[in-house]
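Asker: Fold the following for me, if possible:
(4 chains)
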Number of protein chains: 4
Amino acid sequence: MIAGIIGATGYAGAELVRLLSGHPEIKALALASVSYEGNRIEHIYPNFLGKVSAPLTKVEAVIAAAAVVFASLPNGVGEPYAKACVERGIPYIDLSADFRFDDDEATFAAWYGKPYAYPALRKQSVYGLPELNRRSIKALAASGPVIIGNPGCYPTGASLGAFPALAKGLAGPGVIIVDAASGVTGGGREPARGFHYPECADSVTPYKVGSHRHTPEISRNFKAMVNSGAGAPAQKEPSLIFTPHLAPMNRGILSTIYIPLTDIWQATVPVTGAPRPPTQAIEEKTGEIRELYTEFYRDEPFVRVLPSGTIAATSRIRQSNLCDISVHLDPSGKTLIVATAIDNMVKGAAGQAVQNMNIIFGFDETTGLCAIPASF
Amino acid sequence: MIAGIIGATGYAGAELVRLLSGHPEIKALALASVSYEGNRIEHIYPNFLGKVSAPLTKVEAVIAAAAVVFASLPNGVGEPYAKACVERGIPYIDLSADFRFDDDEATFAAWYGKPYAYPALRKQSVYGLPELNRRSIKALAASGPVIIGNPGCYPTGASLGAFPALAKGLAGPGVIIVDAASGVTGGGREPARGFHYPECADSVTPYKVGSHRHTPEISRNFKAMVNSGAGAPAQKEPSLIFTPHLAPMNRGILSTIYIPLTDIWQATVPVTGAPRPPTQAIEEKTGEIRELYTEFYRDEPFVRVLPSGTIAATSRIRQSNLCDISVHLDPSGKTLIVATAIDNMVKGAAGQAVQNMNIIFGFDETTGLCAIPASF
Amino acid sequence: MIAGIIGATGYAGAELVRLLSGHPEIKALALASVSYEGNRIEHIYPNFLGKVSAPLTKVEAVIAAAAVVFASLPNGVGEPYAKACVERGIPYIDLSADFRFDDDEATFAAWYGKPYAYPALRKQSVYGLPELNRRSIKALAASGPVIIGNPGCYPTGASLGAFPALAKGLAGPGVIIVDAASGVTGGGREPARGFHYPECADSVTPYKVGSHRHTPEISRNFKAMVNSGAGAPAQKEPSLIFTPHLAPMNRGILSTIYIPLTDIWQATVPVTGAPRPPTQAIEEKTGEIRELYTEFYRDEPFVRVLPSGTIAATSRIRQSNLCDISVHLDPSGKTLIVATAIDNMVKGAAGQAVQNMNIIFGFDETTGLCAIPASF
Amino acid sequence: MIAGIIGATGYAGAELVRLLSGHPEIKALALASVSYEGNRIEHIYPNFLGKVSAPLTKVEAVIAAAAVVFASLPNGVGEPYAKACVERGIPYIDLSADFRFDDDEATFAAWYGKPYAYPALRKQSVYGLPELNRRSIKALAASGPVIIGNPGCYPTGASLGAFPALAKGLAGPGVIIVDAASGVTGGGREPARGFHYPECADSVTPYKVGSHRHTPEISRNFKAMVNSGAGAPAQKEPSLIFTPHLAPMNRGILSTIYIPLTDIWQATVPVTGAPRPPTQAIEEKTGEIRELYTEFYRDEPFVRVLPSGTIAATSRIRQSNLCDISVHLDPSGKTLIVATAIDNMVKGAAGQAVQNMNIIFGFDETTGLCAIPASF
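Answerer: Numbers count the residues shown, from 1 in each chain, chains lettered A, B, ... in the order given. Below you'll find the predicted structure:
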């Protein structure tokens, strides 16, 4: 079948081109780009020379030709295309924030500065984090043309790290802190001072502290995860602090997540005047929680809960759709510390979008996403 | 006068060589190195060719020649040299952890695996964080040969970021989280897999989660800072979680510090179902706290509280003794978020050691440390 | 079939594991490692966790189990294994230098410090640069178990850049200069001072100037390429200068190759007192040579001659088996300047080895090597 | 005295601010910026916060206030300011190309696309490479207000590497090749796709092959250096090929320079069928030439000819005005290979400009430029 990509020349668009070109169910690509209409993708991204030479056309032509449309556009401009796809009866997978908030238009409007163009479209849309919403995605896709609100990059890494703790009742009252570092591709393809090589090389810095737009998305996911649990959740409304950082690397997001444990999940540690190194009890409780995480994600094809002694690192999942998770415990035994690593452009964007397409069309979920990550 | 450096060929040693070579009060260097005895520093570090050609000799020769001795040795081996310096009547500035815990031998032993060799030396030693202990350093130096426990790199960045909040009673009950990223020089000069270029380039990863030896040092500093305050502290025993990360840069530590605010310092924000972008009240409260920080550090020559709109970044303080601090507030108004940037090898090691020497000898505290950081 | 890898835990070995795990004709891997025998590859390289869990066994077991053996060993130790494979009747693809010099034992001995262990093996061995020796590889493989001397990384990039000029008689008398920069993975997996992150980050430096072991290999290739030409070569014995550099990147070799042109291929440029910007004649002649290069490599699946305006860059071929080539002319019109980019670990090592396996077994040459390079 | 900087907010301008702020003879800075007039330098470059707070004013005000003016402007716009300075009787140190070609207006016009605005100014201008023109600079400064054409970054590294070989008659007939790699600050402060972090990180690529504007400047220097020699030069008109590369580092230029040796300077090496490793004769001849280089630069404060075994690397001269040079010989004995490392922003721009100021005013040439480079 033909896959269409709107906004094909942005970074997430280019990553979609790469992944879909290797997808066995996709026979051709239809690409649209406002900035480069009339050109060919291989001339904008010479890594594609001789490999992908699809022309860059108009959005309308893409929607008309494709059996599925991916949109990698700025926030707040794609709804008409979503509508057009629904009317044509084909799925629309949106990598912007437009469909991430379901019917909570107020939150979207507060953070993105505009109301929904077509609020009714949310009846057919679903937030596309497969580990959380796989069943809903399938169900909605079965009932008609579906719109996927493909998750943000930070929300993916943060949410997958907290999910087992939230769903299984480990998280107690108190704020959950997500401290995350992203590679520079997260800033997109357009040159800007903050992403100019000499400004960000060899340096780490936080940005948009307390004000990043992914905050409400992570928060909403946390709440949904608590509610997804079978047992009664201890914490109905987890509160969240999220701080993004820019790190001098191309790809990857490393999230360090601090989750206060409910009493029964805390490790018992003798109180001393000053901190002491982790005790045996800490090791054991960590092992117990790691086992719970491993069990929780047993059937997930893209989530790896790392064994004891291995810590999540962005280098190990580059160019793959994997999310690596390592589980740790504060030596006081009261706070769970989870580290997750994803490739921001794959599991954090284009790869997850392809995963959603696979779910919608009933392909094996790993189709086109099996690449084993390189060692360096 | 002559300055001696023991362990001159490690990274902190080499940085001491650089800084002391440009110090107007230091006329010559006496250098010791077990690994390279008989060689010259300029042949081990060719950046010094033609600039610093001091020979590498024995420790004893250095102690005999110097008016002040800096020791950059592994933990737990330097006490005999400290003793020898005291007996010779000269100050000993120790960059290891041996003298950072004062008379709390139990904490040192728990984390570093051995008891003190000469516990009595702690009568003459002081923890060398000038912003906290300047008066004690001066007093002790006035009374005889002083031993400085020069602070660890992470504790410096973490402690300076929390100090005003702790001393002025802003910090309320609850755990303080320090999430920090260090450049690779923090791992020292000896090649090891974790610091092999292809293993750490283009990647971010936490390490020693919940078990890093700087944890008790930061914790002890927080407690001392609470107690240093004039007003009654709200939180006598702040608890701490500290997570270090390795980032692909040479120099620098970026610390992001989450401090729960006591009620009266919290900003009042309307409660909503989902997080909302920062309100005017958040901006105002942030400004108020920034002002308090600015006032607190008004006379500190090496601490810069950044103005609104500027966020701490390690790129801006490279090769300088500065600590940049930016002040932020979680949009719920309940948690203070402080970001600090230091050069781990300067303010986090060699520069702070020189600062301590300046204090001991009554030189202007910025002598030899005035270099303006480069823009890139 | 089963592929065996001897020396599986070095960097080239790990890259073979990655590529062969995705190769549709390879059903299983048999891995040997002296250093890690008894372990599993996924524990040495956690990027393979859950993806490749083959145990690390003895060399003998690998040779006994495999239908083809790849050896990624230090120079001068693998000949007994090659002999064993030949005796078992299976191909042996050697990534060391042992079989790169055919029967020129004198050159091998001069540069690698030891004679051949089994000189007679060279009757069954061939230098595995497919673009040069495809026919010989096929012929030898057809006649019995073949040994492949898989090319060095620098020789691959240098040779492919010069091949058309040498074979088609463009190169005139005079020295050919190859100035190349490699990523740090070229130094292998073992930590060493020169590859310690703080020593090589943010820096470029030449190394082994005038003495790198790839010099005779490049030189021999140049000679073979001249002789491969249909027309009478103008330059029977091209002389060579080769200077490698270390650049702060993980993967990739960028080679800049200066080839003096024979009279008839030079562009005619008016002589001026000082250099002038490139003239129209330069553009035209460059276009003519680019066309010749394009035509020369028309049927090569892994060589891309870049169009006018696009210059070879290592970023565009990361993790792929491609060799990108851009063609330029000195403004005097007398020297051809060719830039080539390869991934040193793929086309420069493991990928080319897999390409050789494909040729030997009659698979399509691109099998398992089709990954489209990422845009960033 | 007051130093003025026109174009103070570009990268070279900012580096001038840093260096001049630490210069003991400079009491204040007068800064001009078209883009940021009315602002303060510390707000454009927050590394200067609290250290340099000079306001950004108009060019005219700077010229009126200063005793010396540095101009870091685009090519072809600064001549009126040079004229104004001369009329005011103060030196003008120009970091653009406008005054680098003396009275050879034809070459300037051919490469920079416009004629001189005030050709007569060249009577008072001199090319400011102190190692070549120190005497002329002094003489011209003694006779009236001088204009310095401060050298380009690549020409500085290339010229210093070739100077002894050219002046002492080592260079024989044939083309000299300069293959150089620059850090990204060389591209300036303005964001552009080629310097966007994800486009240039982890990659090496040549650019402007055969057409970089520094070509005629290097060529002219080579000619001047040949003519500066006492002995009769063997090669009156050395021809040049120059290829710049972009490397993923912030600062630094590494130049590898290939100089064909005249017969009498060649090492005698037995001719073999294939290249052989360097012989004793090569080592000896290299030593002889290294000695000549060392002697040649004996009195130069900023040039270091490295001892045997040490190769030029950009990491060792960061933030310093040094030029490191290592001398090598091709194993055939016929080509001298010289590697030089400079910081492109210091010896390649702002530092050399300060060095020129020191010469003009009769200060010790190293004043304000003594910083010892850091080890990492």
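Asker: Wait, A:E199 touches B:R316, no?
Answerer: No - with contact defined as C-beta atoms under 8 Å, A:E199 does not count as touching B:R316 (10.3 Å). Every residue, glycine included, has its C-beta placed from N, CA and C.
Asker: With adjacent residues omitted, what lies nearest to the closest residue to chain D within the stretch 1-150 of chain A?
Answerer: Residue of the stretch 1-150 of chain A nearest chain D, by C-beta to the nearest C-beta: A:Y11 (7.4 Å). For A:Y11, ignoring the flanking residues on the chain, the nearest one in space by C-beta to C-beta, 6 or more residues apart in numbering or on different chains is A:R189 at 4.9 Å.
Asker: and the residue of the stretch 1-150 of chain A closest to chain D, how many neighbours does it have?
Answerer: For A:Y11, the number of neighbouring residues by other C-beta atoms under 10 Å in any protein chain shown comes to 23.
Asker: In this structure it contacts D:E199, no?
Answerer: No - contact criterion C-beta under 8 Å: A:Y11 and D:E199 do not qualify, at 10.5 Å.
Asker: tell me, what's touching the two both at once?
Answerer: Common contact partners of A:Y11 and D:E199 (C-beta atoms under 8 Å, 6 or more residues apart in numbering or on different chains): C:F376.
Asker: where do the strands sit along the stretch 251-376 of chain A?
Answerer: For the stretch 251-376 of chain A, the strands defined by DSSP state E, counting those that start in this stretch cover A:253-260, A:303-305, A:323-329, A:335-342.
Asker: could those be laid out in CSV, adding mean neighbour count and mean pLDDT?
Answerer: Listed next are these as CSV, based on neighbours: other C-beta atoms under 10 Å in any protein chain shown; pLDDT from 0 to 100:
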stretch, mean neighbour count, mean pLDDT
strand A:253-260, 27, 98
strand A:303-305, 25, 98
strand A:323-329, 28, 98
strand A:335-342, 28, 98
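Asker: of all these, which lies closest to chain D?
Answerer: Comparing the strands of the stretch 251-376 of chain A against chain D with C-beta to the nearest C-beta, the closest turns out to be strand A:253-260 (14.3 Å).
Asker: anything in that closest one near chain B?
Answerer: Yes - for a cut-off given as C-beta under 8 Å from any C-beta of the partner chain, strand A:253-260 has contacts with chain B, namely A:254, A:256, A:258.
Asker: Of those, just say which sits nearest to D:R193.
Answerer: Nearest to D:R193 out of the residues of strand A:253-260 next to chain B is A:L254 (C-beta to C-beta; 26.8 Å).
Asker: Need the nearest residue in space to the closest one, chain neighbours excluded.
Answerer: Excluding its sequence neighbours, the residue lying closest to A:L254 (C-beta to C-beta, 6+ apart) is B:V204, at 4.2 Å.
Asker: Might one say that the one you found is in contact with A:R251?
Answerer: No - between B:V204 and A:R251 there is no contact under C-beta under 8 Å: 10.8 Å.
Asker: which residues are common contacts for these two?
Answerer: When contacts are counted by C-beta under 8 Å, 6+ apart, B:V204 and A:R251 are jointly contacted by A:T314.
Asker: In what element of secondary structure is the residue nearest to the spatial centre of chain A found?
Answerer: With distances taken as C-alpha atoms, centre = their mean, A:T156 lies nearest the centre of chain A, 3.0 Å away. Counting by DSSP states H and E, the element that carries A:T156 is helix A:153-167.
Asker: so that helix versus strand A:253-260, what angle?
Answerer: With axes from the mean of the first three to the mean of the last three C-alpha atoms, to 10 degrees applied, the angle from helix A:153-167 to strand A:253-260 works out at 30 degrees.
Asker: Is there contact, residue-wise, from helix A:153-167 to chain D?
Answerer: No - under the criterion of C-beta under 8 Å from any C-beta, chain D is not reached by helix A:153-167; the shortest gap measures 14.1 Å.
Asker: following that helix, which helix or strand comes up?
Answerer: Using DSSP H and E, the helix or strand that follows helix A:153-167 in sequence is strand A:175-182.
Asker: can I get the CA coordinates of the helix or strand following that next one in CSV?
Answerer: For strand A:175-182, the following helix or strand on the C-terminal side (DSSP H and E) is helix A:197-200. The C-alpha atoms that make up helix A:197-200 are tabulated as CSV, following Å, rounded to 0.1, in the frame of the first residue of the first chain:
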residue,chain,number,x,y,z
TYR,A,197,26.7,23.8,17.0
PRO,A,198,29.0,26.1,19.0
GLU,A,199,26.2,27.1,21.3
CYS,A,200,25.2,23.6,22.4
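Asker: Which neighbours in the sheet does the helix or strand that helix A:197-200 is followed by have, and how are they oriented?
Answerer: Where DSSP H and E defines the elements, the next helix or strand beyond helix A:197-200 is strand A:205-206. Next to strand A:205-206 in the sheet, as set by DSSP bridges, lie strand A:239-246 (antiparallel).
Asker: Now the strand it pairs with - C-alpha only, PDB.
Answerer: These are the backbone C-alpha positions of strand A:239-246, laid out as PDB (Å, rounded to 0.1, in the frame of the first residue of the first chain):
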ATOM      1  CA  SER A 239       1.300  15.600  40.600                       C
ATOM      2  CA  LEU A 240       4.200  16.100  38.300                       C
ATOM      3  CA  ILE A 241       7.300  18.300  37.900                       C
ATOM      4  CA  PHE A 242       9.000  18.000  34.500                       C
ATOM      5  CA  THR A 243      12.400  19.500  33.600                       C
ATOM      6  CA  PRO A 244      13.800  19.100  30.100                       C
ATOM      7  CA  HIS A 245      17.500  19.500  29.400                       C
ATOM      8  CA  LEU A 246      19.500  19.900  26.100                       C
END
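Asker: Am I right that A:Y154 is in contact with A:S255?
Answerer: Yes - assessed by C-beta under 8 Å, A:Y154 is found in contact with A:S255 at 7.2 Å.
Asker: For chain C, what is the nearest residue in the stretch 201-350 of chain A?
Answerer: A:R316 (4.1 Å).
Asker: Contacts only, for that residue.
Answerer: A:R316 makes contact with A:324, A:341, A:373, B:203, C:46-47 under the criterion C-beta under 8 Å, 6+ apart.
Asker: now do 7 Å
Answerer: Applying C-beta atoms under 7 Å, 6 or more residues apart in numbering or on different chains to A:R316 gives the contacts A:324, A:341, A:373, C:46-47.
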